[in-house]
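**Student:** Return a 3D structure for these sequence lines:
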Amino acid sequence: MSHAAIASLPFPVIDNSLAPGGIPIARLAARVGSTPFYVYDRAVLSQRMAALRAAVPARVRIHYSLKANPMPALVQHMAGLADGFDVSSAGELKIALDSTMPAGKISMTGPGKSEADLSRAVAAGVLIHLESARELERVARIGDRLGCMPRVALRVNPDFELKSSGMRMGGGAKPFGIDADQAPEVLRRIGAWGLDFHGLHIYSGSQCLRADAIVEAQAQAIALATRLAEHAPQPIRLLNIGGGFGVPYFPGESPLDLAPIGVSLARAVMDLQQSMPEATLALELGRYLVSEAGVYVSRVIDRKVSRGQVFLVADGGLHHHLAASGNLGQVIRKNYPVLIGNRVRSPHNETVSVTGPLCTPLDVLADRVTLPAADVGDFVVVLQSGAYGLSASPAAFLGHPTAEEVMV
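**Tutor:** From the prediction side, this is the model:
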């Protein structure tokens, strides 16, 4: 990494060693007991949330989406920082309910909720984001069977998308939510069933680094919600406009500028007081809140040269960190930011490729990167690893041990 990149690290560097939570990597590895492992820094999580709250209006709720990282200790920490949780499975729901986040501040989304998922959600009293007319009827019947009133919101597939997003969740044909033109009829049916209707969920995309694109998508979401509110069976109490806030992973990418987003949201809050006075505006964020707080640490177990190219073979790889290997959504493989954790700065650098222990050419953590000269026993650290890491990776692939996860 460049000196400028090292200077911007969210973690301290002690005696040339990266120190998440103030603990140098070698000592942290001894504390964990083995490599590879993920480590998440509580202070960095808190700092990111504080910076976000300073940038957006106080009346905007910030929800944490567990799909980014469902590690229980991290979720418990986020319960003290976020205004609500969003889950996408019964497994995530259990983790959320086991935390100190009240059930009434948890919502469940996902296009394929099973009968068991919905029964658990209704019984727990969490807000269910309805994704189809059939799901609406299933939820209503479960409520009748359990003798409790389901709390619901409607997830809308908008007729627009988040421009420059890494993953488009709205616009066009999608399995997510109700198409905007069908939403009025489903809202009418929610009223006919007499369910406890709270509002709308409009999510158009993720991993966007352009503030202007996010501002435009948010404005379109609010305009759509205003039109749909005329068909709602009750006044809109919650308007979840998703997130889409991106984080920089690759060379040439810059951090998202929150300032114009905050200014736009301030105007939106004022406008909503007129058009939907009972509505609370919510952002649903995952990656943006946790990515920079986590690192993946593996140990070099071999060093070899093949036809002039240096390879560092580590004990961790794509089975723990699929995204860093370039096999989770990248069309053209790019390197995540990587450093030698116990040799952060060095006058002796070399071009190397870092591979994992798996018997496949896909198992590459870094390809032809410039790093301090390293050898067996040194630590390879992948930054920006707090989101979509272990839980988004094929941990059982080729039968290697899974990675530990710790909080500091």
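
**Student:** Quick one: residues contacting Ile214.
**Tutor:** By Cβ atoms under 8 Å, 6 or more residues apart in numbering, the contact set of Ile214 is Leu162, Cys208, Gly244, Phe245, Leu256, Ile261. C-beta: built from backbone N, CA, C; applies to glycine.

**Student:** distance of it from Gln330?
**Tutor:** 22 Å (Cβ to Cβ, to the nearest Å).

**Student:** residue boundaries of the helices in the stretch 51-200 of the chain?
**Tutor:** Taking DSSP state H, counting those that start in this stretch as the criterion, the stretch 51-200 of the chain carries its helices at 72-79, 90-98, 115-124, 133-146, 183-193.

**Student:** Show residues contacting the last one.
**Tutor:** Taking Cβ under 8 Å, 6+ apart as the criterion, the residues outside helix 183-193 that touch it are 130, 133, 136-137, 140, 152, 154, 156, 178, 197, 228, 231-234.

**Student:** do the first one as well
**Tutor:** Outside of helix 72-79, the residues within contact range by Cβ under 8 Å, 6+ apart are 40, 42, 45-46, 64, 66, 69, 85, 95-96, 98-101, 289-290, 386, 405-407.

**Student:** How about the fourth one?
**Tutor:** Helix 133-146 is contacted from outside by 113, 115, 118-119, 122-123, 128, 130, 149-150, 152, 178, 182, 185-186, 189-190, 193, 195, using Cβ under 8 Å, 6+ apart.

**Student:** Hmm, Ala124 is touching Ala90, no?
**Tutor:** No - with contact defined as Cβ atoms under 8 Å, Ala124 does not reach Ala90; the gap is 10.0 Å.

**Student:** where does the stretch 201-350 of the chain dip in pLDDT?
**Tutor:** Counting by pLDDT under 70, the stretch 201-350 of the chain has low-confidence residues at 331.

**Student:** which residues in it form helices?
**Tutor:** Going by DSSP H, counting those that start in this stretch, the stretch 201-350 of the chain shows helices at 211-229, 259-275, 287-290.

**Student:** how far away is the residue lying farthest from the centre of the chain from Val406?
**Tutor:** Within the chain, Arg307 marks the point farthest from the mean C-alpha position, 39.9 Å out by Cα atoms, centre = their mean. Distance, Arg307 to Val406, using Cβ to Cβ: 39 Å.

**Student:** Next: Ala392.
**Tutor:** Taken as Cβ to Cβ, the span from Ala392 to Val406 is 18 Å.

**Student:** So for those two, which residue has more residues nearby?
**Tutor:** Taking neighbours as other Cβ atoms under 10 Å, Ala392 and Val406 compare with Val406 leading, 19 against 16.

**Student:** neighbours around Gly389, how many?
**Tutor:** Gly389 has 28 neighbours, counted by other Cβ under 10 Å.

**Student:** Please apply the same query to Glu404.
**Tutor:** Using other Cβ under 10 Å, Glu404 has 17 other residues around it.

**Student:** for it, what are its contacts?
**Tutor:** Val32, Gly33, Ser34, Pro36, Phe37, Tyr38.

**Student:** Excluding chain neighbours, what is closest to the second one?
**Tutor:** Looking back up the chat, that one is Gly33. Spatially, and ignoring its direct neighbours in sequence, Gly33 is nearest to Glu404 (7.5 Å; Cβ to Cβ, 6 or more residues apart in numbering).

**Student:** Can you tell me how far the nearest residue to Leu93 once chain neighbours are set aside is from Leu289?
**Tutor:** Sequence neighbours aside, Val87 is the residue nearest to Leu93 in space, at 4.8 Å (criterion: Cβ to Cβ, 6+ apart). Val87 is 15 Å from Leu289, where distance means Cβ to Cβ.

**Student:** Format the helices of the stretch 201-350 of the chain as a markdown table; extra columns: distance to Asp367.
**Tutor:** Compiled in a markdown table, these are given as follows (distance: least, Cβ to Cβ, whole Å):
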| stretch | distance to Asp367 |
| --- | --- |
| helix 211-229 | 29 |
| helix 259-275 | 34 |
| helix 287-290 | 23 |
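
**Student:** deepest of those helices, which one?
**Tutor:** Of all the helices of the stretch 201-350 of the chain, helix 287-290 carries the top mean neighbour count, a mean of 26, counting by mean count of other Cβ atoms under 10 Å.

**Student:** Return that helix as CSV; C-alpha atoms alone will do.
**Tutor:** What follows is helix 287-290, C-alpha atoms only, in CSV (Å, rounded to 0.1, in the frame of the first residue of the first chain):
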residue,chain,number,x,y,z
ARG,A,287,-21.7,-2.7,4.1
TYR,A,288,-21.2,1.1,4.7
LEU,A,289,-21.4,0.6,8.5
VAL,A,290,-19.2,-2.4,9.0
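
**Student:** Show me what that helix is in contact with.
**Tutor:** 40, 45, 48-49, 52, 62, 64, 68-69, 74, 78, 82, 206-207, 243, 245-247, 256, 386-388.

**Student:** Quick one, which of those are buried?
**Tutor:** 40, 45, 48-49, 52, 62, 64, 68-69, 74, 78, 82, 206-207, 243, 245-247, 256, 386-388 (16 or more other Cβ atoms under 10 Å).

**Student:** mind giving me the domain ranges of the chain?
**Tutor:** With domains defined by automatic domain parsing, the chain comprises 3-40+292-407, 109-285.

**Student:** Looking at these, spot the one closest to Val56.
**Tutor:** Val56 sits nearest to domain 109-285 of all the domains of the chain, at 5.0 Å, using Cβ to Cβ.

**Student:** quick one: terminal-to-terminal distance for the closest one?
**Tutor:** Start-to-end span of domain 109-285 (Cα to Cα, to the nearest Å) is 14 Å.
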